[in-house]
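*Asks:* This is the structure alone, sequence omitted:
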C-alpha cells in the first residue's frame, strides 16, 4: 500500500479501536504507527493489541510500527476528610507528610522527594494547573504555600512542580514492569514520560539494550533546559503539548514546538507532535478550522509524525479522525509553500560518510529528476540520514530486518519494504528497481538512485551510490 503523503500518522488505540477490523480500518485510512497507552492498558490487553496489529500487518503486507507509551511518575495529593475543599485566593495552604485526611488548611503530599526539593518561590500546579500555589516557607515536615489561583481541590488530584528538579527517576516500578512486558511483546518504540534530564533515559536504554527505539517525551521545563543532551541520548522525540502547556505558560508552547521540531530535524531524529490535534473529533465527525490549522502547522514545520490520542482511542469517530488527518497532510504537502519551507530549514550535512552520501543522493535525485531514492539499510541509520535531507523524490527503504522496517514506519517519507539483503552490487540494483517498480514508485524507462553500504549487512557503512534505469521487466540496468 503506497501512501500519498510523507508525514506519518500515529493513532492511539483504546476502547473505540481495539478490535482487528477497526485497527485495519485505521491503517487503511492512513495510520502508520499505533500507540498503546500503558497508563490505561494492562499487560494482557497490551499483548492482545500487539497480536491484533501483527495480524493486520500480515493482511495488508506492510510493516506497521507499535509505540508503547509508559505512564511515568504520577504526582498526586493525599485525601481530604470531606473528599474535596475550596481553596480561596490569598489563603495559606500547608502541604505535609502527615497521612491524616486534609481540610481547607492542609493536606498530605505523599511524595517526600517533592517536599525535599521545593524552595520558596517554587510553583505548585494542581489539577492540570486549575489551582496554582506558590511556596512561601519550607519547614521540616512540609511547605506553606500561598494560593494564587483559587478553585476546588479533591482527593488525589495531580500535582505539577514546574520550577523544581526532582531527585527521582522518570521510571517507576510500574514502568519497569511495563517495559519488561512490552519488550517481551516485541513492540518497536517505547516512550518515556516526564523526563527531566538525559540521565532519565539511561535506565530504559540499559534495560532495552537496543531491542526497541527510545522516544523522549518533552513535557517538562527541565527537559527544555537540557534539550540537546536529551536529543543525543534518544532515538526520537515527542512534543507532549498537554503537560508542557500545564507546566509552562500556554503561549510559550507553539514556539517550543518549533524549537523542538527543528532541533530534532537537525539531529536526524524523528519527532512527533502530540495532544489535542483534532480534539473536537472525539464527539463530532468534523474538526474545527483551528484544529486543521494546527495539524497543518506541524506538517509545514516538517515533523515526522502527527498523533491522535483520545480522538482514535475513545472517540466516536476514530476512522474519520485518521482520514481527516491524512487529508490535511496530503493537501499541505502539495502546497507551493511546503517545499520552500522544508528546503529553507534543511541543515548542512555532518562531516560523515553517511551524511555526505545522503546529501549527494538528494541533490542528484533532484537535479536529474529521478523517480525514487532506494536506500538499503539493516540498522535504519542510513534511512534516517536520507530522511533528514527531506528530499522531494520518494524514499523507498529496503531492509532485511523486519524490526528495522517497523521502527522506520515512524519516520518522514520512508516507504519500508522487507526484503533479503543483496548478494552483490548488481543484485542490489536489480532488487532496488524491482521493488520501486512493484511498489509503483518507478516505471520502465525511468531512473532511480540506490544507496547502500559495502560490505552488505554491515551497519554504519554507507559508502555506495548508484544510478540505475528501470527496464521493461522491472529489473535494473546502469
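*Replies:* Good, I have the coordinates. Quantities reported herein were computed from a predicted structural model and do not represent experimental measurements. Numbering: from 1, shown residues only.
*Asks:* Please parse the chain into its domains.
*Replies:* Using automatic domain parsing, the domains assigned to the chain come out as 8-72+169-342, 84-160, 353-477.
*Asks:* Quick check: which of these is nearest to residue 2?
*Replies:* With Cβ to Cβ as the criterion, residue 2 lies closest to domain 353-477 of these, at 5.4 Å. Where C-beta positions appear, they are placed from N, C-alpha and C, glycine not excepted.
*Asks:* next one: that closest one to chain centre, how far?
*Replies:* 24 Å (Cα atoms, centre = their mean, to the nearest Å).
*Asks:* now do stretch 206-219
*Replies:* For stretch 206-219, the distance to the chain centre is 11 Å (Cα atoms, centre = their mean).
*Asks:* now the end-to-end length of it.
*Replies:* 23 Å (Cα to Cα, to the nearest Å).
*Asks:* Same question for stretch 126-133.
*Replies:* End-to-end distance for stretch 126-133, by Cα to Cα: 8 Å.
*Asks:* For it, list every residue counted as buried.
*Replies:* 126-127, 129, 131-133 (16 or more other Cβ atoms under 10 Å).
*Asks:* As JSON lines, those with distance to residue 338, secondary structure and pLDDT would be great.
*Replies:* JSON lines is the format used below for the buried residues of stretch 126-133 (distance: Cβ to Cβ, whole Å; DSSP: H, G, I helix; E, B strand; the rest coil; pLDDT from 0 to 100):
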{"residue": "126", "distance to residue 338": "42", "secondary structure": "strand", "pLDDT": "96"}
{"residue": "127", "distance to residue 338": "40", "secondary structure": "coil", "pLDDT": "93"}
{"residue": "129", "distance to residue 338": "35", "secondary structure": "coil", "pLDDT": "92"}
{"residue": "131", "distance to residue 338": "42", "secondary structure": "strand", "pLDDT": "97"}
{"residue": "132", "distance to residue 338": "40", "secondary structure": "strand", "pLDDT": "96"}
{"residue": "133", "distance to residue 338": "45", "secondary structure": "strand", "pLDDT": "97"}
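*Asks:* ok, these vs residue 216, which is closest?
*Replies:* Nearest member of those to residue 216, counting by Cβ to Cβ, is residue 129, at 22.5 Å.
*Asks:* any idea how far the closest one is from residue 250?
*Replies:* 9 Å (Cβ to Cβ, to the nearest Å).
*Asks:* And residue 143, by the same measure?
*Replies:* In terms of Cβ to Cβ, residue 143 sits 26 Å off from residue 250.
*Asks:* With residue 334 instead?
*Replies:* 31 Å.
*Asks:* What of residue 319?
*Replies:* In terms of Cβ to Cβ, residue 319 sits 30 Å off from residue 250.
*Asks:* Then residue 52?
*Replies:* From residue 52 to residue 250 the distance is 37 Å (Cβ to Cβ).
*Asks:* ok, now residue 180?
*Replies:* 37 Å.
*Asks:* Quick one: mean pLDDT over the longest helix seen in the chain.
*Replies:* For the chain, the helix with the greatest residue count under DSSP state H is helix 43-60. Average pLDDT, helix 43-60: 98.
*Asks:* Repeat that for stretch 8-18.
*Replies:* Computed over stretch 8-18, the average pLDDT equals 97.
*Asks:* tell me which residues in that stretch are buried?
*Replies:* 8-14, 16-18.
*Asks:* Equivalent analysis for stretch 200-220, please.
*Replies:* Neighbour-count burial for stretch 200-220 [16+ other Cβ under 10 Å]: 200-201, 203-204, 208, 212-220.
*Asks:* Also stretch 14-31?
*Replies:* The neighbour-count check on stretch 14-31 (16+ other Cβ under 10 Å) flags 14, 16-18, 22-27, 29-31 as buried.
*Asks:* still on that earlier bit, CSV please, covering the buried residues of stretch 126-133 and showing distance to residue 387.
*Replies:* Conversion of the buried residues of stretch 126-133 to CSV gives the following (distance: Cβ to Cβ, whole Å):
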residue, distance to residue 387
126, 41
127, 40
129, 36
131, 43
132, 41
133, 45
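*Asks:* where in the protein is pLDDT low?
*Replies:* Within the chain, the segments meeting pLDDT under 70 span 457-460, 474-478.
*Asks:* circling back: now, the buried residues of stretch 200-220 that are in strands?
*Replies:* 213-218 (DSSP state E).
*Asks:* For residue 362, what are phi and psi?
*Replies:* When quoted as degrees, to the nearest 10, the phi and psi of residue 362 stand at phi -60, psi -50.
*Asks:* shift numbering so it begins at 529
*Replies:* All right, first residue 529 from here; so that's residue 890.
*Asks:* Neighbours of it, how many?
*Replies:* 22 (other Cβ atoms under 10 Å).
*Asks:* wait, isn't it in contact with residue 914?
*Replies:* Yes. Using Cβ atoms under 8 Å, residue 890 is in contact with residue 914, at 7.2 Å.
*Asks:* Can you tell me which of the buried residues of stretch 536-546 is nearest residue 630?
*Replies:* residue 542 (33.3 Å).
*Asks:* thought the closest one was touching residue 840?
*Replies:* Yes. Residue 542 is within contact range of residue 840, at 7.4 Å (criterion: Cβ under 8 Å).
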